[in-house]
Every structure is written in C-alpha cells, then in structure tokens.
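**Q** Provided below for reference: sequence and predicted model.
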Amino acid sequence: MNKTFIIAEAGVNHNGRLDLAFRLCDAARAAGADAVKFQTWVTEKIVTADTAMAGYQQRNLDSDQSQYRMLKALELSYAQFAKIKRYCDTLGITFLSTGDNPEDIDFLLGLGMPCIKLGSGDITNIPLLRHVGRCARPVLLSTGMSDLEQVRRAYGTLREAGAKDITVLHCTTNYPCPPEEVNLRAMQTLARELDCPVGYSDHTLGTEVPVAAVAIGACVIEKHLTLDRTMEGPDHPASMEPDEFHEMVRQIRHIESALGDGIKRPNDSERAIAGSVLKRIVAQRDIRKGEVLDETVLAVKRSPTGLGADRWDEVCHTRAIRDFHQDEAIEI
C-alpha cells in the first residue's frame with residue numbers, strides 16, 4: 001500500500017507571529033500530517049508597492065490595502081524559519097516552505113528541507129524554475145491558474161535544468177474554492193500527459209474533495225491548516241481547523257487501505273464465507289443410477305458440498321454414476 005504524503009499548509013496562517021507558527025506545527029503533528037509547510041519570502045523582492053491584493057484576499061480581509069502591505073505584515077525572517085525548522089525536528093514532522101526566489105530556495109535547502117515546493121504563482125517563472133531544476137532535488141509543483149501547455153512548459157523547464165523527481169499538484173487558485181471549480185479529473189490528465197506522479201493542493205471546504213483525489217491517484221495532498229477559521233488573515237476562511245484536518249487524515253488513510261493492490265481475488269474472509277454462499281449442483285429430486293442428468297433433474301443451490309455451479313456444462317447431459325437423493329450433491 002502506497003502512503004499519501006499529507007502536507008498541512010500552514011502558509012501565512014501564523015499571521016506573522018512565531019508563536020502561532022509553532023502552534024501550527026503542533027497542530028499539524030497532532031492531526032497526523034506528514035509535513036507542515038510555510039511560505040518564505042522577502043516582500044521587497046516579490047511584489048511592487050502598488051500591486052493590489054487578489055480578490056479573495058480583499059474579501060477575506062475586508063480591505064483594499066496593497067498586496068505589499070499585507071505581505072509585509074505576514075513576513076517571517078530567515079532566522080525565524082530556522083527556529084521553525086528546528087522545532088519541527090523536535091516534533092518529528094517534516095518542515096517545508098515555499099520559496100519565492102532563488103535566495104529563498106537556497107536558504108531553505110540549507111536548513112535541510114528535503115524537497116522544493118513551488119507555488120502556482122511561479123508556474124511561468126522561467127528563471128526560478130531553472131534555478132530549482134539546477135538544485136537537482138525533488139520538486140512539488142503546484143499548477144493553479146495554468147493550462148496544460150503552461151504546466152508542460154514548466155515541467156519541461158525543470159527537467160531540462162536537472163530536476164528528475166517532480167510531482168505535479170493539480171490546484172484551483174481560489175479561496176475557498178467551490179466544488180464545481182475543482183475539475184479533479186484534470187489531475188488524471190496531468191498524470192497521463194506528463195507521465196509523472198501527481199497530487200492535489202486543495203482549497204475547498206470539507207474533506208470530500210481531497211479524499212476523492214486520493215481515490216483517483218493523488219500521492220500528495222496539501223490542505224490549509226488554521227488554528228481558528230475566524231482569525232483575521234487572507235487564508236483562514238479557506239483553511240481547516242485541527243479537528244477537521246485530523247478527520248481528513250483519518251479518511252485518507254482508510255481510503256488508502258480500501259484501494260488495495262488492484263489484484264482481483266477473494267480475500268481470506270470471503271473464502272471462509274464462500275462455502276456457505278456459492279451455489280453447487282445438487283439433485284432436484286431422487287435420481288436413479290444411469291438416468292440422464294439435465295435441467296429436469298438437476299438444481300443449483302447453496303450446499304456445503306458438491307461441484308460448483310460453474311461446472312454445470314461439464315455435468316449436464318451425462319448419466320448418473322449412482323443413485324442420488326433429493327438435494328444430495330452430484331458426483332461425476
């Protein structure tokens with residue numbers, strides 16, 4: 001059984017506070033996540049001062065402040081991320097963070113981060129994609145706001161630069177994302193067209209969609225985690241609280257168990273039941289030795305002994321080798 005790698009996306013739900021970041025690590029570990037992921041940036045290097053917030057950010061914050069101002073308030077320093085990484089190590093949970101430029105990526109890898117996560121906003125960022133490819137580390141590539149050709153180009157850019165282990169995450173960049181915008185089958189399209197592992201970065205409310213993604217092939221699930229959905233911040237309303245996240249993990253692990261290995265065969269419990277349920281060939285009435293065995297004298301019933309009903313053609317129209325009583329198992 002392949003285990004889905006479940007990422008608790010803490011993102012910016014720490015609200016720029018280190019103590020909340022630590023609590024999100026605790027919550028992710030308690031909920032059963034394999035990793036907790038943040039976002040690492042230097043505001044001046046990733047956004048101009050006059051860039052407006054995205055529509056969902058304006059709605060969730062009920063504000064029209066600039067994106068620069070919002071991000072600056074949420075920014076954590078490299079030194080703080082080093083502390084978060086050490087704290088994750090003590091908890092026994094994998095630390096991940098999305099870097100927004102080459103310096104961020106190099107810093108995070110220097111902390112010992114096991115793979116590189118690229119956000120949907122960098123799907124067309126050729127310089128960053130090439131830098132990440134040259135790092136020759138496993139890559140998780142989110143694909144929100146992009147079409148297949150853009151994903152194909154980003155994937156090819158990473159490969160050409162040196163990346164070999166790339167998992168592509170289907171994603172819809174909307175917070176929260178209504179189910180009708182998910183298009184979960186696009187994840188299967190990515191797997192087929194790119195011939196690579198796929199996963200799903202989820203922004204819907206509830207557990208149904210990420211669980212369904214696992215059922216149709218996701219090997220990675222990323223889901224936002226918050227301590228309290230009513231907290232002020234751009235991503236809290238589309239995030240799961242700890243108890244909900246724990247329930248999602250439980251459901252995913254059950255689905256993994258239910259998927260099995262794909263080989264169609266009866267399991268041990270079915271074999272035990274089969275003797276009482278599968279039909280066998282018996283005498284419909286008393287039969288004399290030498291009598292022709294056909295539909296008029298044979299029956300198919302549940303019976304503890306006898307030939308299986310799948311041998312009907314082998315038995316029918318032969319002659320009885322001895323006398324048989326009604327309901328007695330037929331022998332040939």
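**A** Now that the structure is in, tell me what you want to look at. Residues are numbered from 1 along each chain as shown.
**Q** Would you mind listing the buried residues in the helix or strand bottoming out on mean pLDDT in the chain?
**A** Within the chain, confidence by mean pLDDT, DSSP states H and E is lowest for helix 55-61 among all helices and strands, at a mean of 72. By neighbour count with 16 or more other Cβ atoms under 10 Å, helix 55-61 contains the buried residues 56-58, 60-61. Backbone N, C-alpha and C define where each C-beta goes, glycine included.
**Q** Out of the residues you listed, which is nearest to Glu244?
**A** When the buried residues of helix 55-61 are compared for distance to Glu244 (Cβ to Cβ), Asn60 wins out at 18.0 Å.
**Q** Return the closest of the buried residues of helix 55-61 with respect to Ala283.
**A** Ala283 lies nearest to Tyr56 out of those, by Cβ to Cβ, at 73.1 Å.
**Q** ok, the residue nearest to the closest one when sequence neighbours are not counted to Gln251 distance?
**A** Nearest non-adjacent residue to Tyr56, counting by Cβ to Cβ, 6 or more residues apart in numbering: Tyr175, 4.5 Å away. To Gln251, Tyr175 is 22 Å away according to Cβ to Cβ, to the nearest Å.
**Q** Repeat that for Ala163.
**A** 32 Å.
**Q** Next: Ser77.
**A** Computed as Cβ to Cβ, the Ser77 to Gln251 distance reads 37 Å.
**Q** what does the longest helix seen in the chain contact?
**A** Assignment by DSSP state H gives helix 242-259 as the longest helix of the chain. Helix 242-259 is contacted from outside by 1-4, 6, 8, 27-28, 30-33, 207, 210-211, 214-215, 221, 223, 225, 227, 240, using Cβ atoms under 8 Å, 6 or more residues apart in numbering.
**Q** Pull out the buried members of those residues.
**A** For those, a burial check counting by 16+ other Cβ under 10 Å picks out 4, 6, 8, 27-28, 31-33, 207, 210-211, 214, 221, 223, 225, 227, 240.
**Q** Now go through the contacts of helix 242-259 and say which are in strands.
**A** Among those, the residues falling in strands (DSSP state E) are 6, 8, 221, 223.
**Q** and these, which two are the farthest apart?
**A** Distance extremes for these: the farthest pair is Ala8 and Ile221 at 9.8 Å, using Cβ to Cβ.
**Q** Would you map the strands across this protein?
**A** Using DSSP E, strands in the chain cover 5-11, 35-40, 94-99, 116-118, 139-142, 166-171, 198-202, 220-224, 279-283, 298-302.
**Q** Export these to a markdown table and append columns for distance to Arg322.
**A** Listed next are the strands of the chain as a markdown table, based on distance: least, Cβ to Cβ, whole Å:
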| stretch | distance to Arg322 |
| --- | --- |
| strand 5-11 | 64 |
| strand 35-40 | 70 |
| strand 94-99 | 70 |
| strand 116-118 | 74 |
| strand 139-142 | 70 |
| strand 166-171 | 66 |
| strand 198-202 | 62 |
| strand 220-224 | 63 |
| strand 279-283 | 11 |
| strand 298-302 | 15 |
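**Q** quick revisit: can you tell me which of the ones in strands among the contacts of helix 242-259 lies closest to Arg153?
**A** Using Cβ to Cβ, these come closest to Arg153 at Ile221, 25.2 Å.
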